[in-house]
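Enquirer: here are the coordinates; sequence isn't available:
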Ligand code: ADP
Ligand code: ZN
């Protein structure tokens, strides 16, 4: 039916489990082949397979693709007219559907439950199951109601699937969806063909252009930006440089979005410049690079976004440029975010993990996989492996910087990294002079490093949580860890910044 020669990875085992009526939790990276794990059992077992998916925009495509294979599939969501819905409902009740896709909010409606009771269900597939986890980065309250599937249909097998798999998320999926008896299938999360590179941001558009021109001329790729404005500016910039680039963000007209998405999927060599609104469920195998011009909010998000590169198994690049301003703006976002203190702590923990990945001196892949609970050996296919960063003893500079932060903290004012660095370098800028900071004992004590090096020290101390950001203005503050450094009770190892070439860190010459 699907035209494949063999099952991939754990597909066969998973399918057998569900066909036999058992529950399953499937943790498999993007592109791993999760869909088949519920589509085949839905065809084998009597009745209709009900697929809960938040990806409303993709339902039509999925259903069309299945129809082309001869699978009887349909969906119910808010985009349909009453007549269209009636037609699908009738087909379901008549037992004429193999698969029925539903948006999660549908299941919160009593009518839907009544409708489903009127037909025969072969299984429930809960796609993007991490959306049930409040710990995760993509929480959707509608998913909480899915716990009722177990009570309402105790004999119908349930299969939950996600590409996000920290131990905490998996545990929460099990509890919240009441999948205690589910067999768990955890695929390797490694994507060996993706080369991970993280560079210090320094005129990011030019850095991006160099990457595209020197390594990815004519390749299809995705460039992620945090804001809609920067999406549009970056796309326009690339167009000016002769690179065909399309913008995509939630603020664009639905028609424009759909057109850009379908051009990206169909035409070769296009660059999609997008916010993270783009990409979930996109199946384009030959994306050769994913570039981030801003720091992702979590390692899960970063992993999912970069995972869209190289699904065909051929070499692909995951490239990220990040700088201090990213850290500051994300702190600001966290501080101003709705929700309780626990929620903000969670967002902070996500950001800290992302920073640690950026500043690690170890193999990026080892660090990334460790985050998902998987052990690995240094990979030889990431920037820290191909040109290992040298480390240096940064204890003394760290002490100087922390002392400056400490002296300034006394004055109940807001001083970001720029001001602190000016003071360390002994630069009597207007602001420094006006505030009388030329008189501070720390004024001019840090001339052994230049401004760029100091900013790197700040980033790394933040990543190591030896320094904190107090507010959305980027005011630096001491942390419990700072005290130990200031007292000389601990040393600080720092990575030496790679020279600013296009590759940021060249591939090892052999
Ligand atoms: P996921 O949902 O895990 O991201 P998909 O189910 O979309 O992944 O599958 C990713 C790609 O792999 C699709 O193009 C799909 O057609 C293909 N695929 C899935 N299973 C197999 C298989 N057993 N053999 C060959 N190709 C497969
Ligand atoms: Zn590596």
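Expert: That came through, no problem. Keep in mind that what you see is a predicted model, and the values were worked out from it rather than measured. Ligands and ions are numbered 1, 2, ... in the order given.
Enquirer: Residue of the stretch 1-150 of the chain nearest ligand 2, please.
Expert: residue 29 (17.1 Å; Cβ to the ion). Quick note: C-beta positions are derived from backbone N, CA and C, even for glycine.
Enquirer: tell me the contacts of the residue of the stretch 301-450 of the chain found nearest ligand 1?
Expert: Nearest residue of the stretch 301-450 of the chain to ligand 1: residue 311, at 6.6 Å (Cβ to the nearest ligand atom). Going by Cβ atoms under 8 Å, 6 or more residues apart in numbering, residue 311 touches 30-31, 283-287.
Enquirer: among the residues you listed, which one has the lowest pLDDT?
Expert: Ranked by pLDDT, those bottom out at residue 31 (75).
Enquirer: Centroid-wise, who is the farthest residue in this structure?
Expert: Most distant from the centre of the chain: residue 439, at 45.4 Å, with distances by Cα atoms, centre = their mean.
Enquirer: how near is the nearest residue to residue 221 once chain neighbours are set aside to ligand 2?
Expert: Using Cβ to Cβ, 6 or more residues apart in numbering and skipping the chain neighbours, the partner closest in space to residue 221 is residue 289 (3.9 Å). Residue 289 sits 17 Å away from ligand 2, taking Cβ to the ion, to the nearest Å as the criterion.
Enquirer: and residue 289, how many neighbours does it have?
Expert: Neighbour count for residue 289, taken as other Cβ atoms under 10 Å: 27.
Enquirer: Touching, it and residue 216? I think so.
Expert: Yes. With contact defined as Cβ atoms under 8 Å, residue 289 reaches residue 216; the gap is 5.0 Å.
Enquirer: between these two, what contacts are shared?
Expert: residue 317.
Enquirer: My reading is that the residue of the stretch 1-150 of the chain closest to ligand 2 is in a helix; is that accurate?
Expert: No. Residue 29 sits outside any helix when classified using DSSP: H, G, I helix; E, B strand; the rest coil, being coil.
Enquirer: Now the residue of the stretch 101-250 of the chain at minimum distance from ligand 1. Its backbone dihedrals?
Expert: For the stretch 101-250 of the chain, the residue positioned closest to ligand 1 under Cβ to the nearest ligand atom is residue 163, at a distance of 6.3 Å. The phi/psi pair for residue 163 (degrees, to the nearest 10) reads phi -100, psi 10.
Enquirer: For it, which non-adjacent residue is spatially closest?
Expert: Nearest to residue 163 is residue 30, by Cβ to Cβ, 6+ apart, at 4.5 Å.
Enquirer: check contacts around that neighbour.
Expert: Contacts of residue 30 by Cβ under 8 Å, 6+ apart are 163, 304, 307-308, 311.
Enquirer: between the residues you listed, which is nearest residue 385?
Expert: The closest of the contacts of residue 30 to residue 385 turns out to be residue 307 (Cβ to Cβ; 19.2 Å).
Enquirer: Can you give me the distance of that closest one to ligand 2?
Expert: 16 Å.
Enquirer: how about that residue, what does it touch?
Expert: So residue 307 contacts 29-31, 163, 191, 194 (Cβ under 8 Å, 6+ apart).
Enquirer: Ligand 2 contacts on the stretch 251-400 of the chain?
Expert: 363, 365, 379, 382, 385 (Cβ under 5 Å from the ion).
Enquirer: hang on, the first one packs against residue 381?
Expert: When you say that, I think you mean residue 363. No. At 9.1 Å, residue 363 does not count as touching residue 381 under the criterion of Cβ under 8 Å.
Enquirer: Got phi/psi on residue 469?
Expert: According to degrees, to the nearest 10, residue 469 has phi -110, psi 120.
Enquirer: What count of nearby residues applies to the residue lying closest to it once chain neighbours are set aside?
Expert: Leaving aside its chain neighbours, residue 469 sits nearest to residue 331 (4.5 Å; criterion: Cβ to Cβ, 6+ apart). By other Cβ under 10 Å, 22 other residues sit near residue 331.
Enquirer: just checking, residue 331 is part of a helix?
Expert: Yes. When classified by three-state DSSP, residue 331 is found to be part of a helix.
Enquirer: Tell me the confidence at residue 63?
Expert: At residue 63, pLDDT is 92.
Enquirer: ok, it - contacts?
Expert: With contact set as Cβ under 8 Å, 6+ apart, residue 63 has these partners: 73-75, 101.
Enquirer: 6 Å instead?
Expert: Residue 63 sits next to 73, 75 when contact means Cβ atoms under 6 Å, 6 or more residues apart in numbering.
Enquirer: hang on, it is in a helix, isn't it?
Expert: Yes. Counting by three-state DSSP, residue 63 falls inside a helix.
Enquirer: related to what we said a few turns ago, now go through the residues of the stretch 251-400 of the chain next to ligand 2 and say which are in helices.
Expert: Among those, DSSP state H puts 365, 385 in helices.
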